[in-house]
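Engineer: Sequence first, predicted coordinates after that:
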Amino acid sequence: MSAPTTHTLDVPGAVLYYDVRSNESSTAPVLLLIGSPMAASGFVTLAGHFSDRTVVTYDPRGAERSRRTDDATETTPNEHADDLHRLILALDAGPVDLFATSGGAVNALVLVARHPEQVRTLVAHEPPAVQVLPDREEALAAATDIHQTYQRSGLGPAMAKFITLVGLKGPVPADFARQPAPDPATFGLPAEDDGSRDDPLVGQNIVSCLDQQHDVDALRAASTRIVIAAGTRTEGELAHRAAEAMAERLGSAPVAFPGDHAGFLGGEYGMTGEPDAFAATLRQVLDAGTPAPE
């Protein structure tokens, strides 16, 4: 695998940055690794485990290098899916294998429902597809409260609530917004407000991501092989429960991936999961979808 080369792609309302780690001798599909709002910088370790094939990573609109060129303050999974559609077209390499995590998995499910011909295998790791959960209304209300907290008080208080929400075991309580606000300092976050309101997670994506209604019929009919993944250390948490529910809707069971929601990280963003074991599991899942040579 070569060193990454950086490219840009103009899309409606944004300029996307993406990185290509080429392996010209590989005959495997391009492997696209995505998150949301996690950007390309979160996939350096995971990409390094797949030096035998071409790997592409990108920054979603509004995250890190990919700045919006419009005045929109919200980004929807539909927009992200259209960006991915345009990115895969720009790669001009045929159907890709797609590993998508968290909000990126939500966006990837929308992409596959619309353009299954562009994706050979989708591994959707812990998509917070909460609209398939019984506590969907409570989860969306909690996300709305987090967004409103951000608009009112800034990043630290909002992120403290977000970390509390995603770490909850079991259904989201109806009174989540009325519970005592967690102290940002508990999570190493600043309590003071720096005045910015452009955070891609709690500012632009959180409400629209959790409000996304997935076209399950289209996903079930898709030519894409869809594998829903859930962490071995996240049982009972919101994204894990959503992964289980989505897999059930698709007539399958989630595949266990090592670690927690960030199990693939190898020091990126100051977090380390179980990257070697995670990458080995991802390789096994992808290889299971590869036709045997004739």
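Structural biologist: Sure thing, it's come through.
Engineer: Quick check: phi and psi at the residue most central in space within the chain.
Structural biologist: Taking C-alpha atoms, centre = their mean as the criterion, residue 104 is the residue nearest the geometric centre of the chain, at 2.4 Å. Torsion angles at residue 104 (phi, psi; degrees, to the nearest 10) stand at phi -60, psi -30.
Engineer: which residues touch it?
Structural biologist: Counting by C-beta atoms under 8 Å, 6 or more residues apart in numbering, residue 104 makes contact with 34, 35, 36, 38, 60, 80. Quick note: C-beta positions are derived from backbone N, CA and C, even for glycine.
Engineer: Apply 7 Å and report the result again.
Structural biologist: Shown in contact with residue 104 (C-beta atoms under 7 Å, 6 or more residues apart in numbering): 34, 35, 36, 38.
Engineer: same deal with residue 237?
Structural biologist: Going by C-beta under 7 Å, 6+ apart, residue 237 touches 166, 167, 168, 169.
Engineer: Next, count neighbours for the second one.
Structural biologist: When counting by other C-beta atoms under 10 Å, one arrives at 13 neighbours for residue 167.
Engineer: And for residue 276?
Structural biologist: For residue 276, using other C-beta under 10 Å, the count is 13.
Engineer: returning to what we had before: taking the contacts of residue 104 one by one, which sit in helices?
Structural biologist: Per DSSP state H, helices hold no members of these.
Engineer: For the contacts of residue 237, which PyMOL command selects only the ones that are buried?
Structural biologist: A single PyMOL command selects the buried members of the contacts of residue 237 (16 or more other C-beta atoms under 10 Å):
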select buried, resi 166+168
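Engineer: Quick one: the strands in the stretch 51-200 of the chain, in order.
Structural biologist: 55-59, 96-101, 119-125 (DSSP state E, counting those that start in this stretch).
Engineer: out of those strands, which comes closest to residue 219?
Structural biologist: strand 119-125 (9.2 Å; C-beta to C-beta).
Engineer: strands paired with the closest one, and their directions?
Structural biologist: strand 96-101 (parallel), strand 225-231 (parallel) (DSSP bridges).
Engineer: which of the ones you listed is buried the deepest?
Structural biologist: Ranked by mean neighbour count, the strands paired with strand 119-125 are led by strand 96-101 with a mean of 27 (mean count of other C-beta atoms under 10 Å).
Engineer: Can you give the contact residues for it?
Structural biologist: Outside strand 96-101, the residues touching it (C-beta under 7 Å, 6+ apart) are 29-35, 88, 107-108, 118-126, 282, 286.
Engineer: what's around residue 271, how many residues?
Structural biologist: So residue 271, with other C-beta under 10 Å, has 14 neighbours.
Engineer: Where does pLDDT dip in the stretch 151-294 of the chain?
Structural biologist: 290-294 (pLDDT under 70).
Engineer: follow-up on the earlier one: mind giving me JSON lines with the strands of the stretch 51-200 of the chain and columns for distance to residue 271 and mean pLDDT?
Structural biologist: Below are the strands of the stretch 51-200 of the chain laid out as JSON lines (distance: least, C-beta to C-beta, whole Å; pLDDT from 0 to 100):
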{"stretch": "strand 55-59", "distance to residue 271": "17", "mean pLDDT": "98"}
{"stretch": "strand 96-101", "distance to residue 271": "13", "mean pLDDT": "98"}
{"stretch": "strand 119-125", "distance to residue 271": "15", "mean pLDDT": "98"}
